[in-house]
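[1] Sharing a model prediction with you, sequence too.
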Amino acid sequence: MLRRLLVVGFAGGILAVPAARAGTVAIFYYPWYGTPSHDGAWQHWNQNGHQPPGDIYSSYYPARGPYSSSSRKVVDAQMAEIAAAGVDEVIVSWWGRGSTEDARLPLVTRCARRHGLTVAIHLEPYLGRSPTTVADDLTYLAGLGIRDVFVYHPRDFAVSDWATILSAAPRSLRVFSGDEDVSFAVQGKFAGFYTYDFVNFGGAKFIRLCAEAHRANILCAPSVGPGYNGMRAGEPPVFKPRRYGATYDALWRAAIAADPDYVTITSYNEWGEGTQIEPAVVRPGYRSYQGSWGLSGVAASTAYLTRTAYWAARYHAGG
């Protein structure tokens, strides 16, 4: 299919971007952070033996400092940033009913909707997750008004289990498989797939994967991200450099060229893996966004949100 080019300008020059279908921009969001003042203890910031607030588990230091995801002020400000960046949907990490993330979901939902954002769920591999519990989860989530559910590690169950679960799921739901195997998504009766991991499932595969998905009449939602560095959090020694923003640009360019239905962003605030685009500050012993797209100072701290707004606008303008 022949597609026109959008020729757009930005601070670094002129860029020709293949026009894509106008779809949804969604971002993965983690409501799992806690502080002693709000939650009685540190949550996540102290992973791998770190001692907040001066020593945290990320290679970057948040502009807000180590914060609590149960703070209405924090969550509302985060949703305002996400909306201003041109994102349409917030995909909230969710670890089953009764989890901390479940308890915080109403707050995230209220703040997100106040800023015009749709809320989706990232259904994580919580302890005891089974075909039976997931079937119940989908009914529960549909009852909360959730439309989209993204399933992380779908291969924990057989494809036949997914076909059974999704055949009986509420019809209002669209469930996405977090796997690059389009045939698995089709056989499991998923509405679509997403890749999440942009280190192993990078931009070189996006065109092929979206073409396969569209031939099978399911949705394609490739994932883009700024870089990866989870060593301070004790994650595997995998590293994908940010290259001062070039990594993010390359993945966005590849995603748009694939003509996707969604572009999913990994992530807004997964600080432990270093995939966050939430504002970061310069601090001794930590990496920063300084130099990204030639920016410095305050402009650099918000560079990835600014750049997301640029790419989201290009994607939303697609034919």
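    Perfect, thanks for sending it.
[2] what sits up against stretch 239-254?
    15, 17, 198-199, 202-204, 206-207, 222, 224-229, 231, 263, 289, 291-294, 303-304, 307, 311, 315 (C-beta atoms under 8 Å, 6 or more residues apart in numbering). C-beta here means a position set from N, CA and C on the backbone, and glycine is covered the same way.
[3] Separate out the buried members of the residues you listed.
    Among the contacts of stretch 239-254, those classed as buried by 16 or more other C-beta atoms under 10 Å are 17, 198, 202-203, 206-207, 222, 224-229, 231, 263, 289, 292-293, 303-304, 307, 311, 315.
[4] Sort out for me which of these are in helices.
    The helices, defined by DSSP state H, take in 206-207, 303-304, 307, 311, 315 from the buried ones among the contacts of stretch 239-254.
[5] Distance from the chain centre to the helix or strand containing residue 210, please.
    Using DSSP states H and E, residue 210 sits within helix 206-215. Distance, stretch centre to chain centre, for helix 206-215: 20 Å (C-alpha atoms, centre = their mean, to the nearest Å).
[6] Output the contacting helices and strands for that helix.
    Contacts defined by 3 or more C-beta pairs under 8 Å, 6 or more residues apart in numbering; DSSP states H and E place helix 206-215 against helix 182-187, strand 192-194, strand 219-221, helix 246-257.
[7] where do the helices sit along the chain?
    36-39, 72-84, 100-114, 131-143, 159-167, 182-187, 206-215, 246-257, 297-301, 303-316.
[8] Would you mind pulling the contact partners of the fifth one?
    Outside of helix 159-167, the residues within contact range by C-beta under 8 Å, 6+ apart are 131, 134-135, 138, 154, 157, 175, 177, 184, 187-190.
[9] can you check the shortest one too?
    Applying C-beta under 8 Å, 6+ apart, the contact partners of helix 36-39 are 42, 68, 70-71.
[10] hmm, back to that, which of the helices and strands packed on helix 206-215 sits closest to residue 54?
    With distances scored as C-beta to C-beta, the stretch of these nearest to residue 54 is helix 246-257 (28.5 Å).
[11] relative orientation of that closest one and helix 206-215 in degrees?
    Using axes from the mean of the first three to the mean of the last three C-alpha atoms, to 10 degrees, the direction of helix 246-257 lies 30 degrees away from that of helix 206-215.
[12] can you pull the buried residues of helix 246-257?
    Using 16+ other C-beta under 10 Å as the test for burial, helix 246-257 gives 247-257.
[13] is it true that residue 104 touches residue 70?
    Yes - Residue 104 sits in contact with residue 70 when judged by C-beta atoms under 8 Å, with a separation of 5.8 Å.
[14] between the two, who's got more neighbours?
    Neighbours around residue 104 and residue 70, counted as other C-beta atoms under 10 Å, are more numerous at residue 104. The numbers are 21 against 18.
[15] For the more buried one, which non-adjacent residue is spatially closest?
    In this structure, residue 104 finds its nearest non-sequential neighbour in residue 31, 4.4 Å apart by C-beta to C-beta, 6 or more residues apart in numbering.
[16] That neighbour and residue 102 touch, don't they?
    No - proximity of residue 31 to residue 102 does not meet the contact threshold set by C-beta under 8 Å, at 9.5 Å.
[17] higher neighbour count, the two?
    More crowded of residue 31 and residue 102, by other C-beta under 10 Å: residue 31, with 23 against 18.
[18] what sits against residue 32?
    Residue 32 sits next to 43-44, 69, 93, 100-101 when contact means C-beta under 8 Å, 6+ apart.
[19] Relative to residue 269, which of those is nearest.
    residue 69 (8.7 Å).
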